[in-house]
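Chemist: sequence first, predicted coordinates after that:
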Amino acid sequence: MTDVDLDAERLVALLARRPLVSEASIEADWERLLALAMQHDVAAVLRARLKERGLIPPPAIAEALRQVYFASAARNMRLFHELGGILRALQAAGIPVIPLKGACLAEAVYGDIALRPMSDLDLWVQRQQLDAARAVMQSLGYVSRSKADRPLALQDALAGETQMFKANAPLVEIHWNIFPGEWVRHTTRIDEDVVWHRTVPLEGEGVRQLSPEDAVIQSCVHLAVSHQMSGIGLRTLLDLDLARQQWVIDWRAVGQRARAWRVSCATWLVLQALAGVFGDPGNQLPLGGLSPSPFRRFVLKRFASTRLLMEGLDLSSGPRRFLFLLSIVDRPADAVVLLWRALFPDRLWLTLRYDLPGATSWRVWRLRLRHIAHLVISREI
């Protein structure tokens, strides 16, 4: 990590259990270290690493880290308690389910559920069992709710998820598609049925988990595409770093699948960041086979370099967000399609987005004009 400041180097060294460049020995250093860890949502892991090394921060810093750790532990215990009840209910209904993200990683990869922050539960079920899964959730007291810009019909048809709410319970997202979104729909060729059939048992046949290779690609696409390398960047890289230490990963298969699915650039971008921050022991990461052209690498570095990521990169809104998404499309022809569909969405998306299924052709054209006007006013694509 040659292009980041000392605070970032120190934080990464602690997270990765590497020798420190220099110990944080004055109050100001500790305060900056804490602020950076809080910014990247890795403060609980920082506390654990400090305890492993026998490093004792000043009392105020130690107390702040302690509060973060125990708040995370309490929140995640509640989440996992709720998750257990949901999984048992789905199993009783004969619905296979795959916990995703933190629900999969917190215990299996981190070894302590308090170390992996979680705010909700993400579960994947097969498309044909979506209605049955929602019925199970409703029997547990959950109700589905539409987002303002994503009506339930649009979620069911294209978005790939349903948000389920219950008073005094965590948000639960039921996914029928773990590679969601218009970017994926218009630019990639991912066969999620194949991904499902590669899953392996986690708790019997009813509760399963992604194969390690598919989990890596899903994390990469989630960070690069769904989050535009923003907000959760360091935390996702830490997920991947710990996962490769715990799992047996066929990195050659990761490269082959990423290329076949047309997500090689997005996967390369995240794995390149992983190598830049946490290293690439044994040169195992398939960076050479996934690497885009020199010009594309130059462009991507301007959007999402390691330095920008560690400084708190935010590409989640504005025109730069869409330019970035265009820059990580594998094929130029698909980038053209993505641009065209962003400006002129297909009839299905347009009528569901504006909650007018079955609209006449004339109404559809009015919706197109409304959509373009919205893009101009909001400057969001």
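Modeler: Okay, I see it.
Chemist: stretch 42-51: how far from the chain's middle?
Modeler: The chain centroid and the centroid of stretch 42-51 are separated by 22 Å, computed with CA atoms, centre = their mean, to the nearest Å.
Chemist: please export the C-alpha coordinates of it as PDB.
Modeler: Taking C-alpha atoms only, stretch 42-51 is exported to PDB below (Å, rounded to 0.1, in the frame of the first residue of the first chain):
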ATOM      1  CA  VAL A  42     -14.300  -2.400  11.000                       C
ATOM      2  CA  ALA A  43     -13.900  -1.000  14.600                       C
ATOM      3  CA  ALA A  44     -15.000  -4.300  16.200                       C
ATOM      4  CA  VAL A  45     -12.300  -6.200  14.300                       C
ATOM      5  CA  LEU A  46      -9.800  -3.500  15.200                       C
ATOM      6  CA  ARG A  47     -10.600  -4.000  18.900                       C
ATOM      7  CA  ALA A  48     -10.000  -7.800  18.500                       C
ATOM      8  CA  ARG A  49      -6.700  -7.300  16.700                       C
ATOM      9  CA  LEU A  50      -5.400  -4.800  19.400                       C
ATOM     10  CA  LYS A  51      -6.300  -7.400  22.100                       C
END
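Chemist: contacts for it, please.
Modeler: Under the criterion CB atoms under 8 Å, 6 or more residues apart in numbering, residues 11, 14-15, 17, 33-34, 37, 56-57, 64-66, 68-69, 72, 110, 112, 114-115, 117, 234-235, 238 lie in contact with stretch 42-51. In this view, the C-beta of every residue, glycine as well, is placed from N, C-alpha and C.
Chemist: cool, stretch 317-327 as well?
Modeler: Contacts of stretch 317-327 (CB under 8 Å, 6+ apart): 183, 225, 228-229, 265, 296, 299-300, 303-304, 315, 335, 338-339, 342, 379-381.
Chemist: out of those, which are buried?
Modeler: If you count burial by 16 or more other CB atoms under 10 Å, the buried members of the contacts of stretch 317-327 come out as 183, 225, 228-229, 265, 296, 299-300, 303-304, 315, 335, 338-339, 342, 381.
Chemist: can you check the pLDDT for Leu20?
Modeler: pLDDT recorded at Leu20 is 79.
Chemist: go on, Val263?
Modeler: 98.
Chemist: how much space separates it from Arg185?
Modeler: 13 Å (CB to CB, to the nearest Å).
Chemist: compare those two (neighbour count), which wins?
Modeler: Val263 (28 against 19; other CB atoms under 10 Å).
Chemist: residues touching that one, list them.
Modeler: Counted by CB under 8 Å, 6+ apart, Val263 has contacts Thr188, Ile190, Ile217, Cys220, Val221, Val225, Asp330.
Chemist: if I look at it, how far off is Thr187?
Modeler: Separation of Val263 from Thr187 (CB to CB): 8 Å.
Chemist: okay, and the common contacts of the two?
Modeler: What both Val263 and Thr187 touch, as defined by CB under 8 Å, 6+ apart, is the set Asp330.
Chemist: ok, Arg302 - how many residues close by?
Modeler: Residues lying near Arg302 (other CB under 10 Å) number 11.
Chemist: repeat that for Arg368.
Modeler: 15.
Chemist: run a quick neighbour tally on Glu63.
Modeler: 11.
Chemist: no, scratch that, I was asking about Arg66
Modeler: With other CB under 10 Å as criterion, Arg66 counts 12.
Chemist: check which helix or strand covers it.
Modeler: helix 59-92 (DSSP states H and E).
Chemist: could you do Ile98 as well?
Modeler: Ile98 belongs to strand 98-100, assigned by DSSP H and E.
Chemist: list of residues touching that strand?
Modeler: 83, 87, 104, 121-125, 175, 178, 196, 199, 202, 207-210, 218.
Chemist: direction included, what does that strand pair up with?
Modeler: strand 120-124 (antiparallel) (DSSP bridges).
Chemist: report the buried residues of the partner strand.
Modeler: Leu121, Asp122, Leu123, Trp124.
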